[in-house]
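In: next come a sequence and a model predicted from it.
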Amino acid sequence: MPTLDTAEILNILQMRRQHCRNLLDLSRRQRGLIDASDYSHLLTVLGQKQRLLGRLDELNTQHPDLRGQWVRLRTLGDPEWRDDCEHILAETEAILADLHAGLISVEEARRIFARDREDFRTLRKLSLTGGEPSLRRDLADLVGAVLDSTPAVRTLRLASHGMVPDRTLAAVEGCWSVAHAHGVERFEVQISLDGVGEVHERIRGIRGGYARVRETLERLMQLQKVVAALRISLSTVVQPLNLENLPELRRLAATLGLPITFSPIVMSGAYYANQSRDLDLSVGGDARAQAFFEDLAHTSRGTDAFYYADMRGMLEGKPRGRICMQGYHSCVLEADGGLHACVNSETLTFGNLREQPFREIWWGEKAEALRRQLHQEICPTCPSKCYARPVSAGEVLRISMQKLSGGSGAPSSSGSSEV
Ligand SMILES: C[S@@+](CC[C@H](N)C(=O)[O-])C[C@H]1O[C@@H](n2cnc3c(N)ncnc32)[C@H](O)[C@@H]1O
Ligand code: SF4
């Protein structure tokens with residue numbers, strides 16, 4: 001660990017403050033663009049934020065003991081230097097407080113869930129996604145605050161890009177120790193992998209990102225030897241840039257012994273900020289994507305087979321066939337308290353848990369009208385794999401037969417999964 005002199009400490013503190021200021025500016029711009037439905041510039045702002053977070057991360061990694069060194073030199077350095085440092089530190093704290101102001105704190109989450117405890121009494125599964133959930137250093141405490149008032153939760157799920165191994169592992173270990181103490185029996189950790197090697201890095205825009213994901217996977221698999229409740233899986237977004245690479249990705253998953261799921265890219269201005277037609281698989285109907293999902297439909301088990309058959313149809317222009325029960329059986333709670341049916345309906349907010357109890361929002365007329373709007377306007381073109389349970393008597397029947405016979409029981413790719 002490098003020992004810093006006073007000038008270096010001052011310099012690093014100034015850099016940190018500047019990065020935080022820029023981050024705050026970008027966050028305000030992001031909010032303005034979302035409010036104005038200006039999604040074309042949103043992607044640029046999100047990219048700039050990602051780079052800034054990377055720089056801040058780099059500073060923290062290079063100088064993990066910055067605070068300790070400042071404290072040690074504080075009484076020895078000259079008073080002017082000390083005043084400058086203190087001023088910068090106070091300003092940085094204020095900027096960080098502004099940045100966090102929109103987020104529900106651990107204490108706020110504890111209060112909200114305790115207030116609505118009766119409504120969350122039967123909640124069985126808690127999923128953490130993002131953005132990148134492992135960026136929140138208080139993630140485990142947040143999970144604990146929620147689990148304190150959700151006694152029936154037995155499954156915890158975490159989605160991560162896995163590109164910062166230490167951070168993903170810290171989030172997994174921290175969340176598991178809290179969840180285990182609350183009676184959670186299963187911890188599903190889903191790592192995103194959009195291609196093998198350079199393909200993943202090109203899609204994610206992070207050089208060296210593939211090796212880092214592999215390191216995360218190795219370490220998670222080691223952890224699994226002592227935490228039997230851990231289930232690791234891979235998730236791939238199928239898009240034009242990885243179509244050729246998908247068979248290799250499937251082979252890699254098989255070699256690692258990890259389940260992998262595929263879903264066509266969702267085009268969404270608000271959540272994924274990706275409105276480019278170049279990414280849209282349904283434009284022009286890509287035969288490779290159709291063949292890939294056809295094969296998945298025939299070789300997968302359980303509800304995955306029905307989902308993949310449905311996607312095969314959507315890729316040739318059909319509307320979504322499988323009903324999605326998001327918004328009825330599950331909901332999304334945003335980091336700022338907003339409540340929606342699903343991640344693809346951020347613009348249709350039912351209400352905010354900071355302002356109203358869950359039951360008023362969930363059973364209210366606004367939520368009912370928005371559910372109808374969602375199912376009429378957004379669901380027919382949404383290829384999301386969010387809802388994983390059987391959705392019709394036909395599916396239940398075929399899955400039961402499949403279990404009895406030990407076969408794949410996959411539906412024909414041309415048929416809808418509905419009966
Ligand atoms: C929003 S991410 C959050 C987890 C993590 N930060 C990440 O980058 O993967 C949750 C899941 O959504 C997937 N995803 C991201 N963009 C998507 C898109 N446009 N369409 C469908 N899925 C997408 C990710 O690959 C991941 O599996
Ligand atoms: S199909 Fe898509 S838009 Fe509709 S509820 Fe499910 S995830 Fe949301």
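Out: Sure, I can see it. Ligands and ions are numbered 1, 2, ... in the order given.
In: can you point me to the longest helix in the chain?
Out: Counting residues, the longest helix found in the chain (DSSP state H) is helix 6-35.
In: how about it: buried residues?
Out: By neighbour count, and taking 16 or more other C-beta atoms under 10 Å as the criterion, the buried residues in helix 6-35 are 6, 9-10, 12-13, 16-17, 19-20, 22-23, 26, 29-30, 33-34. All C-beta atoms are positioned from the backbone trio N, CA, C, and that covers glycine.
In: which strands and helices sit next to the helix or strand following it?
Out: Along the chain past helix 6-35, the next helix or strand (assigned with DSSP states H and E) turns out to be helix 39-62. Secondary-structure packing of helix 39-62 (3 or more C-beta pairs under 8 Å, 6 or more residues apart in numbering; DSSP states H and E): helix 6-35.
In: which elements pack onto the helix it packs on?
Out: Packing partners of helix 6-35 (3+ C-beta pairs under 8 Å, 6+ apart): helix 39-62, helix 66-74, helix 79-100.
In: pLDDT on it, on average?
Out: The average of the pLDDT scores along helix 6-35 is 88.
In: also stretch 378-397?
Out: If you average the pLDDT values across stretch 378-397, you get 87.
In: next: stretch 147-160.
Out: For stretch 147-160, the per-residue pLDDT averages 98.
In: interface residues of the stretch 151-300 of the chain facing ligand 1?
Out: Remark: the part of the stretch 151-300 of the chain in contact with ligand 1 comprises Ala159, Ser160, His161, Ser192, Ser235, Val237, Ser263, Ile265, Val266, Tyr272, Asn274, using C-beta under 6 Å from any ligand atom.
In: where are the low-confidence patches of this structure?
Out: By pLDDT under 70, the low-scoring segments of the chain are 1, 35, 268-285, 406-419.
In: and for it, the residue most distant from the center?
Out: Within the chain, Asp78 marks the point farthest from the mean C-alpha position, 46.6 Å out by C-alpha atoms, centre = their mean.
In: from the buried residues of helix 6-35, pick the one nearest Gly337.
Out: Closest approach between the buried residues of helix 6-35 and Gly337, by C-beta to C-beta: Ile34, at 15.8 Å.
In: and the closest one, how far is that from ligand 1?
Out: According to C-beta to the nearest ligand atom, to the nearest Å, Ile34 and ligand 1 sit 16 Å apart.
In: touching, that residue and Leu42? I think so.
Out: Yes - checked against C-beta atoms under 8 Å, the pair Ile34 and Leu42 is within contact range at 6.9 Å.
In: hmm, back to that, quick one: closest of the helices and strands packed on helix 6-35 to ligand 1.
Out: If you check each of the helices and strands packed on helix 6-35 against ligand 1 by C-beta to the nearest ligand atom, helix 39-62 wins as the nearest, at 10.3 Å.
In: now Ala335: how far from Lys225?
Out: Look at Ala335 and Lys225: by C-beta to C-beta, to the nearest Å, they are 33 Å apart.
In: and the strands in the stretch 151-300 of the chain?
Out: When secondary structure is read from DSSP state E, counting those that start in this stretch, the stretch 151-300 of the chain shows strands at 155-160, 186-192, 230-238, 260-264.
In: sheet partners, orientation included, of the second one?
Out: The partner list of strand 186-192 in its sheet, established with DSSP bridges, is strand 155-160 (parallel), strand 230-238 (parallel).
In: which parts of the stretch 101-250 of the chain are helices?
Out: 106-115, 139-147, 165-181, 198-204, 209-224, 246-256 (DSSP state H, counting those that start in this stretch).
In: can you pull the contacts of Ile191?
Out: If a contact means C-beta atoms under 8 Å, 6 or more residues apart in numbering, then Ile191 has Ser160, His161, Gly162, Thr168, Val213, Thr216, Leu217, Leu220, Ile232, Ser233, Leu234, Ser235 as its contacts.
In: kindly recompute the last result at 6 Å.
Out: Listed by C-beta atoms under 6 Å, 6 or more residues apart in numbering, the contact partners of Ile191 are Gly162, Leu234.
In: quickly list what it is bridged to.
Out: Applying DSSP bridges to Ile191 gives these bridge partners: Ser160, Leu234.
In: distance of it relative to ligand 2?
Out: Distance, Ile191 to ligand 2, by C-beta to the nearest ligand atom: 21 Å.
In: quick one on the thing from earlier: format the helices and strands packed on helix 6-35 as TSV; extra columns: distance to Ala152.
Out: Below are those laid out as TSV (distance: least, C-beta to C-beta, whole Å):
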stretch	distance to Ala152
helix 39-62	35
helix 66-74	41
helix 79-100	30
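In: nearest to ligand 2, out of these?
Out: Of all the helices and strands packed on helix 6-35, it is helix 39-62 that lies closest to ligand 2, at 16.8 Å by C-beta to the nearest ligand atom.
In: need the phi and psi values for Glu132.
Out: Main-chain torsions, Glu132, degrees, to the nearest 10: phi -120, psi 110.
In: how about it: what's its closest non-neighbour residue?
Out: Residue nearest to Glu132 in three dimensions, not counting chain neighbours: His161, with 5.9 Å by C-beta to C-beta, 6 or more residues apart in numbering.
In: kindly report the same for Thr92.
Out: The spatially closest residue to Thr92, leaving aside those adjacent along the chain, is Arg17, at 4.6 Å (C-beta to C-beta, 6+ apart).
In: wait, that neighbour sits on Ile88?
Out: Yes - the pair Arg17 and Ile88 qualifies as a contact (C-beta atoms under 6 Å) at a distance of 5.2 Å.
In: return the most buried member of the strands of the stretch 151-300 of the chain.
Out: strand 155-160 (a mean of 21; mean count of other C-beta atoms under 10 Å).
In: chain center to it, what's the gap?
Out: A distance of 9 Å separates the C-alpha centroid of strand 155-160 from that of its chain, computed with C-alpha atoms, centre = their mean, to the nearest Å.
In: measure how that strand sits relative to helix 209-224, angle-wise.
Out: What separates the directions of strand 155-160 and helix 209-224 is an angle of 160 degrees, with axes from the mean of the first three to the mean of the last three C-alpha atoms, to 10 degrees.
In: send the alpha carbons of strand 155-160 over as PDB?
Out: Included here for strand 155-160 are C-alpha records, laid out as PDB according to Å, rounded to 0.1, in the frame of the first residue of the first chain:
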ATOM      1  CA  THR A 155     -35.700 -17.700  -1.600                       C
ATOM      2  CA  LEU A 156     -33.400 -14.800  -2.200                       C
ATOM      3  CA  ARG A 157     -32.100 -13.900  -5.600                       C
ATOM      4  CA  LEU A 158     -29.300 -11.600  -6.700                       C
ATOM      5  CA  ALA A 159     -28.500 -10.600 -10.300                       C
ATOM      6  CA  SER A 160     -25.000  -9.300 -10.900                       C
END
